[in-house]
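# Dropping the sequence and predicted coords here.
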Amino acid sequence: MNARSIGVGVLGGLVVLVAADSSVSGDGGQARSAGSAPSAVTYTRHVAPILQRSCQTCHRPGTNAPMSLMTYEDVRPWARAIKARTTARIMPPWHIERNVGIQQFKDDPSLTDEEIATIAAWSDAGAPRGDSGDLPAAPVFPDDEAWHIGKPDLIVEIPKAHVVPANAADLWIDYIADSGLTEDRYLQAVEAKPGPGARAVVHHLLTYLIQEVDEDEVLSGRLDDRGTNAESFLNEFAVGKNGDFLPDGTAKLVKAGAKIRFNLHYHASGKETVDRTRVALKFYPKGYLPKYHQISLQIANAHPDLDIPANTLSRHDGYYRFSKPARVTALQPHMHNRGKRMCVEAILPSGRAEMLNCMGFEFNWHKVYNYADDSTPLLPAGTMLHTILWHDNTASNRSNPDPRNWVGYGQRTIDEMAFAWVTWTYLEEADYKKMVSERDKRRASER
Ligand code: HEC
């Protein structure tokens with residue numbers, strides 16, 4: 001086992017840490033270090049490109065964000081709020097901690113320290129517009145109503161139209177729909193989206209597959225610790241993201257009679273809106289036999305021990321053993337109102353532990369973090385995935401319904417949970433070794 005095969009991303013994290021340190025200690029004003037802003041910051045030259053990349057996918061007309069940030073006129077009144085939310089790293093919603101672990105993810109809109117400093121300097125300077133000649137071309141957004149995974153083989157909708165009144169409290173709700181699938185098929189790509197015209201009311205949307213599983217048939221590897229249900233995570237809808245393709249040669253079996261669970265967070269937009277959220281599935285051709293099976297399960301839970309006293313910050317641990325070599329492609333923390341943070345480390349068979357990632361948890365946002373293809377942790381057989389989960393049961397947690405109550409495990413939102421949704425594929429030993437050595441070679445040549 002070579003440290004770099006999973007450590008590459010970790011090394012990337014260390015580089016970030018060094019850069020951040022040098023900006024803290026100062027460099028005598030010689031060079032612009034990470035976290036400092038250019039002088040004479042303007043909207044057109046410095047701020048607009050940042051907003052285009054990291055904000056406008058959500059902050060444009062017709063989406064779930066409260067205001068558009070498309071033009072200077074849109075942005076100007078929000079300058080101070082933008083500084084506050086970006087400095088606190090509340091916006092864009094992305095809770096991967098930057099000083100530890102792997103930093104390469106798909107669809108990562110997060111800002112660098114330098115970008116945050118640029119926005120702050122611009123806001124402090126009175127949010128100047130700048131030269132209109134500096135303004136970059138407006139980005140072209142993909143057609144929200146089109147499917148980006150190609151022509152779907154199957155579209156499944158929530159079983160009934162959901163009406164979000166003009167004004168209402170936020171609602172978290174599950175809908176379960178029959179897929180109508182009459183034969184087993186292998187999933188190649190998946191894309192979920194709110195119903196036409198309903199983007200403004202869908203705050204988040206996750207989909208899950210519910211089916212009877214014959215483990216030997218579905219999974220290429222033996223699972224030693226399944227959850228009690230046969231649910232498997234499918235995907236997350238996120239504005240600006242155009243569906244999920246499974247890696248080449250990797251598939252997920254969708255069985256005849258499968259059901260889809262939609263987990264929705266509705267947020268009233270001031271206008272009564274009817275939603276018919278749907279998910280599109282694209283399958284490999286009939287007869288196709290995938291080399292690898294994608295597994296996506298809630299694992300390493302801390303439920304038997306979950307004991308969260310009143311007015312306390314508490315930590316719990318969960319474990320899950322990979323019986324075969326595994327390539328991890330996505331992580332997502334799952335907790336309820338008091339959830340605060342999750343770290344996931346890999347305890348290797350040698351006993352050495354590698355931190356994969358730490359991430360904040362905010363009940364308002366159920367974020368899925370998909371590793372970039374070249375940064376997916378490659379873990380040897382026998383690796384123990386260790387989750388560390390924190391709950392904040394104090395009054396300083398804004399989502400906490402009542403810090404005076406003890407909380408334990410339960411299904412209701414007022415109870416707590418603590419686990420990771422992890423997406424991975426088991427690899428054959430020889431393929432695992434090959435992937436590790438190819439990645440090491442690629443890394444070495446990049447140095
Ligand atoms: C994934 C979608 C998304 C992205 C990306 C995003 N926002 Fe937001 N933003 C929202 C939503 C939704 C809200 C409403 C509050 C909430 O639900 O958390 C919000 C709220 C805000 C607010 C507070 C508005 C108020 O009413 O006070 C500000 C300011 C803001 N965003 C700025 C930004 C900036 C600047 C960026 C980019 C650096 C950004 N946002 C990126 C979705 C997004």
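That came through, no problem.
# how about the strands in the stretch 301-447 of the chain?
In the stretch 301-447 of the chain, the strands defined using DSSP state E, counting those that start in this stretch lie at 307-308, 312-321, 326-335, 339-347, 353-360, 369-370, 378-379, 384-393, 407-408, 418-426.
# Now do the second one: which elements does it pack against?
In this structure, strand 312-321 makes packing contacts with strand 307-308, strand 384-393, strand 418-426, judged by 3 or more Cβ pairs under 8 Å, 6 or more residues apart in numbering; DSSP states H and E. Any C-beta I mention is one placed from the backbone N, CA and C, and that applies to glycine too.
# Check which residues of that strand are buried.
The neighbour-count check on strand 312-321 (16 or more other Cβ atoms under 10 Å) flags 313-314, 316, 318, 320 as buried.
# Please render the strands of the stretch 301-447 of the chain as CSV that adds distance to the ligand to the earlier fields.
Formatted as CSV, the strands of the stretch 301-447 of the chain follow (distance: least, Cβ to the nearest ligand atom, whole Å):
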stretch, distance to the ligand
strand 307-308, 24
strand 312-321, 22
strand 326-335, 15
strand 339-347, 15
strand 353-360, 13
strand 369-370, 13
strand 378-379, 29
strand 384-393, 17
strand 407-408, 23
strand 418-426, 19
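# now the ones you listed as CSV including distance to Gly287 and mean pLDDT?
CSV is the format used below for these (distance: least, Cβ to Cβ, whole Å; pLDDT from 0 to 100):
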stretch, distance to Gly287, mean pLDDT
strand 307-308, 50, 95
strand 312-321, 34, 96
strand 326-335, 25, 94
strand 339-347, 36, 97
strand 353-360, 37, 97
strand 369-370, 29, 93
strand 378-379, 30, 98
strand 384-393, 34, 97
strand 407-408, 49, 94
strand 418-426, 21, 92
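# Out of the ones you listed, the one nearest Ser445 is which?
strand 378-379 (17.9 Å; Cβ to Cβ).
# contact partners of the closest one?
Contact partners of strand 378-379, identified using Cβ atoms under 8 Å, 6 or more residues apart in numbering, comprise 5-6, 322, 325-328, 346, 348, 385, 427, 432, 435-436, 439.
# strand partners of that strand, parallel vs antiparallel please.
strand 326-335 (antiparallel) (DSSP bridges).
# if I pick the most centrally placed residue in the chain, what's in contact with it?
In the chain, the centroid-proximal residue (Cα atoms, centre = their mean) is Val368; its distance is 2.1 Å. When contacts are counted by Cβ under 8 Å, 6+ apart, Val368 touches 206, 233, 235-236, 238, 330-332, 421.
# Out of those residues, who's the most crowded?
Leu331 (26 neighbours; other Cβ atoms under 10 Å).
# Output the strands of the stretch 301-447 of the chain as TSV; include the columns distance to Ala127.
Output for those, formatted as TSV (distance: least, Cβ to Cβ, whole Å):
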stretch	distance to Ala127
strand 307-308	43
strand 312-321	37
strand 326-335	35
strand 339-347	33
strand 353-360	28
strand 369-370	32
strand 378-379	46
strand 384-393	34
strand 407-408	43
strand 418-426	40
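# Please enumerate the helices of the stretch 201-350 of the chain.
With DSSP state H, counting those that start in this stretch, the ranges of helices along the stretch 201-350 of the chain come out as 215-218.
# Neighbours of whatever residue of it ends up closest to the ligand, how many?
Residue nearest to the ligand within the stretch 201-350 of the chain: Val239 (5.5 Å; Cβ to the nearest ligand atom). Residues lying near Val239 (other Cβ under 10 Å) number 18.
# Residues of the stretch 151-300 of the chain that sit close to the ligand?
203, 239 (Cβ under 6 Å from any ligand atom).
# How about the secondary structure of Ala117?
Secondary structure, DSSP: H, G, I helix; E, B strand; the rest coil: Ala117 is helix.
# from what I can see it touches Ala37, true?
Yes - counting by Cβ atoms under 8 Å, Ala117 does reach Ala37; the two are 4.2 Å apart.
# Show me the strands in the stretch 151-300 of the chain, by range?
So, for the stretch 151-300 of the chain - with DSSP E, counting those that start in this stretch - the strands run 154-157, 162-164, 171-178, 185-193, 202-210, 231-237, 244-245, 250-254, 259-266, 273-275, 278-283, 292-299.
# Just confirm Leu206 contacts His366, I think it does.
Yes - assessed by Cβ under 8 Å, Leu206 is found in contact with His366 at 5.8 Å.
# joint contacts of those two?
What both Leu206 and His366 touch, as defined by Cβ under 8 Å, 6+ apart, is the set 236, 263.
# how about Arg45, what does it touch?
130-131, 134.
# any idea which of these has the most stuff around it?
Gly130 (18 neighbours).
# Quick check: pLDDT value at that residue.
pLDDT, Gly130: 96.
# Check the gap between it and the ligand for me.
17 Å (Cβ to the nearest ligand atom, to the nearest Å).
# helix/strand/coil for that residue?
Quick answer, by three-state DSSP: Gly130 is coil.
# can you count the residues close to Ala81?
Counted with other Cβ under 10 Å, Ala81 comes out at 12.
# Kindly report the same for Ala258.
Residues near Ala258, counting by other Cβ under 10 Å, number 22.
# ok, now which ones touch it?
179, 181, 209-211.
# quick revisit: which one of the strands of the stretch 301-447 of the chain lies closest to Gly62?
Here strand 369-370 is closest among the strands of the stretch 301-447 of the chain (Cβ to Cβ), at 25.1 Å.
# Now do the phi/psi pair for the residue nearest to the centre of the chain.
phi -110, psi 130 (degrees, to the nearest 10).
# Could you do Pro142 as well?
Phi and psi for Pro142, reported as degrees, to the nearest 10, are phi -60, psi 150.
# Look up how far the ligand lies from it.
15 Å.
# which residues touch that residue?
Pro142 touches 148, 242, counting by Cβ under 8 Å, 6+ apart.
# let's go with 10 Å and repeat that
Pro142 is in contact with 57, 148, 240-242, counting by Cβ atoms under 10 Å, 6 or more residues apart in numbering.
# next one: Tyr266
Counting by Cβ under 10 Å, 6+ apart, Tyr266 touches 64, 162-165, 168-173, 194, 198, 201-205, 273, 275, 277.
# Identify the bridge partners of Arg278.
With DSSP bridges as the rule, Arg278 is bridged to Glu157, Lys193.
# wait, it sits on Ile158?
Yes - if you go by Cβ atoms under 10 Å, Arg278 and Ile158 touch, sitting 7.3 Å apart.
# ok, back up a step: hmm, the residue of the stretch 201-350 of the chain closest to the ligand is touching Phe141, no?
Yes - using Cβ under 10 Å, Val239 is in contact with Phe141, at 9.0 Å.
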